[in-house]
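**Q** return atomic coordinates for the entry below.
(one chain, ligands or ions: 1)
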Amino acid sequence: MISNADIGLVGLGVMGRNMALNFADHGYVVAGYDTDSEKVDTFNKASEKNVGGFGSMKELAAALKKPRSLMMLVPAGKPVDAVIEEAVPYMDRGDLIIDAGNSHYTDTERRIDKVAEKGLHFMGMGVSGGEKGARYGPSMMPGGNEEAYERVKPLFEAAAAHVNGEPCVVYLGKRSAGHYVKMVHNGIEYAVMQLIAETYDLMKRLLGLDNDRVHEIFGQWNREELAAYLIEITSAIFSQPDEESSNRLIDVIADEAKQKGTGMWTCQDAMDLQVPVPTLDMAVAMRNLSALKKLREAGQKRFPASTRAFGGNREGFIQDLKYGLYACMILSYAQGMAVLSSASRTYKYNLRLQDVARIWRGGCIIRAAILDDISEAYTRQPDLDMLIFDDKLREVLDRHMPSVRKVVETGIGAGIPIPAFATSLAYFDGLRSAWLPANLIQAQRDYFGSHTYERIDRKGTFHTNWNEG
Ligand code: 6PG
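**A** Down below sits the predicted model:
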């Protein structure tokens, strides 16, 4: 049985097991614990000699090198509190508990304070990349006490994905910074997934392309500037046969998207911070609409769709889809980064956005070639207020926004819902409108509620006794 382990893992499901094997591959000794004895057995059967599973927290704690580092990979919510409750009695001052699940950052805040009463450190760390990422190199987003992080840094840097020799992990900031960054990662993930889904809808219902062609096009795009993990897996999905029928699997999957809520959390917090993230909001709304299958079926009967056939240049439109998707992806990252920049000020995380973009270049779900440019943009200007104002990205958008407009005009004309594209375009057009009709909103508020307004020619707040109708 192993002893003096470098790290303890609580939760030996697929993610926990894979993470443990990943650390072990890099020469670290890993002790594991799960309440499910079958999972402990499977863990002990792993060929690596430097991993060992235990059936109790007490044994796990005894097998760890001091000061202890204990990492949990359990579902967010009550299970995290339950593990903390169970672990704390076996921990000593200075020990570190790491929550590597998708916890809400406010829960992380609460837990940091709770374990601090016992002199323990608590680290909220986002881990992205799914099962394969955990096994062969995820993107890791740690936040919390920096000195405690230094102890696990070598393990994390070894286990993380690497891009150009750089590990996709870095200390992000105090307290819940890590979980906050992961939450926003997921918000962007929702937006990009919705944009890709709308692209597919236009390819399928408007252009009538078959799955092979969709597979080919996404495959080709993944070899160009649009290269991204989500584009890559989209291509692969369209070639996957169904084992139970002669169809492609994609055609037998129900059109109702599920969600665990992290995308929604991003939008909720962005609302609190008053940062507009309309593409992310729309992605959540469309998941919700997708889940209302019965309502949509009734809707289709009431308002039979009159999808118009495509009469334009097909290859030209496929190019517009590519560049339109590319531009809207950039706008989605820009919205996510705007949330991070505001949150960093409000919650005092002191985030370095170039680091965030850098560790998202590999291992995580939203990894994409464009993150090189995004990371360079923040390296050039760490305080960049709006990502797309960076000269290089501005040029990219200048070139490709006409494609977005084409996609939106075409989709709307054909009666195909493309809300993430349309919203991204409206966000862009709003951003470059030095004047917006909000003067009227101010006037209306003052008219019906004496809420006052400001003037453009004088300082102060004003109220008017408005003419009645
Ligand atoms: C990742 C993913 C991961 C998970 C999401 C799915 O970065 O590896 O984001 O965290 O797959 O939780 O989220 P939904 O269930 O909300 O779609």
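**Q** any idea what whatever residue of the chain ends up closest to the ligand is bridged to?
**A** Proximity of the chain to the ligand (CB to the nearest ligand atom) peaks at S128, 3.0 Å away. Using the backbone N, CA and C atoms, a C-beta is placed for each residue, glycine as well. Using DSSP bridges, the beta-bridge partners of S128 come out as S139.
**Q** need phi/psi at F462.
**A** The phi/psi pair for F462 (degrees, to the nearest 10) reads phi -130, psi 160.
**Q** can you pull the pLDDT of it?
**A** pLDDT recorded at F462 is 98.
**Q** for the residue nearest the centre of the chain, what are its contacts?
**A** The centroid of the chain falls nearest to N186 when counting by CA atoms, centre = their mean (1.8 Å). Counting by CB atoms under 8 Å, 6 or more residues apart in numbering, N186 touches N102, T262, G263, W265, T266.
**Q** among those residues, who's most crowded?
**A** Within the contacts of N186, neighbour counts (other CB atoms under 10 Å) peak at T266, which reaches 31 neighbours.
**Q** give me the secondary structure label for that one.
**A** helix (DSSP: H, G, I helix; E, B strand; the rest coil).
**Q** per-residue pLDDT of it, please?
**A** T266 is assigned a pLDDT of 98 by the prediction.
**Q** not including adjacent chain positions, what is the nearest residue to it?
**A** Nearest in space to T266, with sequence neighbours left out and distances taken as CB to CB, 6 or more residues apart in numbering, is G187 at 2.9 Å.
**Q** close to the ligand, is stretch 258-269?
**A** Yes. Contact between stretch 258-269 and the ligand, assessed by CB under 6 Å from any ligand atom, occurs at Q259, K260, G261, T262, G263.
**Q** so L331 makes contact with Y427?
**A** Yes. If you go by CB atoms under 8 Å, L331 and Y427 touch, sitting 6.2 Å apart.
**Q** who's more crowded, these two?
**A** The residue with more neighbours, out of L331 and Y427, is L331; 28 against 20, by other CB under 10 Å.
**Q** name the element the more buried one belongs to?
**A** helix 314-346 (DSSP states H and E).
**Q** do the same with G413
**A** G413 belongs to helix 391-414 when assigned by DSSP H and E.
**Q** output that helix as PDB, nothing but the C-alphas.
**A** Presented in PDB, the C-alpha positions along helix 391-414 are these (Å, rounded to 0.1, in the frame of the first residue of the first chain):
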ATOM      1  CA  ASP A 391      -5.800  46.400 -33.600                       C
ATOM      2  CA  LYS A 392      -5.300  42.800 -34.900                       C
ATOM      3  CA  LEU A 393      -8.800  41.600 -33.800                       C
ATOM      4  CA  ARG A 394     -10.400  44.800 -35.100                       C
ATOM      5  CA  GLU A 395      -8.900  44.000 -38.500                       C
ATOM      6  CA  VAL A 396     -10.300  40.400 -38.400                       C
ATOM      7  CA  LEU A 397     -13.800  41.700 -37.500                       C
ATOM      8  CA  ASP A 398     -13.600  44.500 -40.200                       C
ATOM      9  CA  ARG A 399     -13.000  41.700 -42.700                       C
ATOM     10  CA  HIS A 400     -15.600  39.300 -41.500                       C
ATOM     11  CA  MET A 401     -18.500  41.200 -40.100                       C
ATOM     12  CA  PRO A 402     -20.000  41.500 -43.600                       C
ATOM     13  CA  SER A 403     -20.300  37.700 -43.600                       C
ATOM     14  CA  VAL A 404     -22.200  37.800 -40.300                       C
ATOM     15  CA  ARG A 405     -24.600  40.300 -41.800                       C
ATOM     16  CA  LYS A 406     -25.100  38.000 -44.800                       C
ATOM     17  CA  VAL A 407     -25.700  35.000 -42.600                       C
ATOM     18  CA  VAL A 408     -28.200  36.900 -40.500                       C
ATOM     19  CA  GLU A 409     -30.100  38.400 -43.500                       C
ATOM     20  CA  THR A 410     -30.200  35.000 -45.200                       C
ATOM     21  CA  GLY A 411     -31.300  33.100 -42.100                       C
ATOM     22  CA  ILE A 412     -34.000  35.600 -41.100                       C
ATOM     23  CA  GLY A 413     -35.200  35.800 -44.700                       C
ATOM     24  CA  ALA A 414     -35.500  32.000 -44.800                       C
END
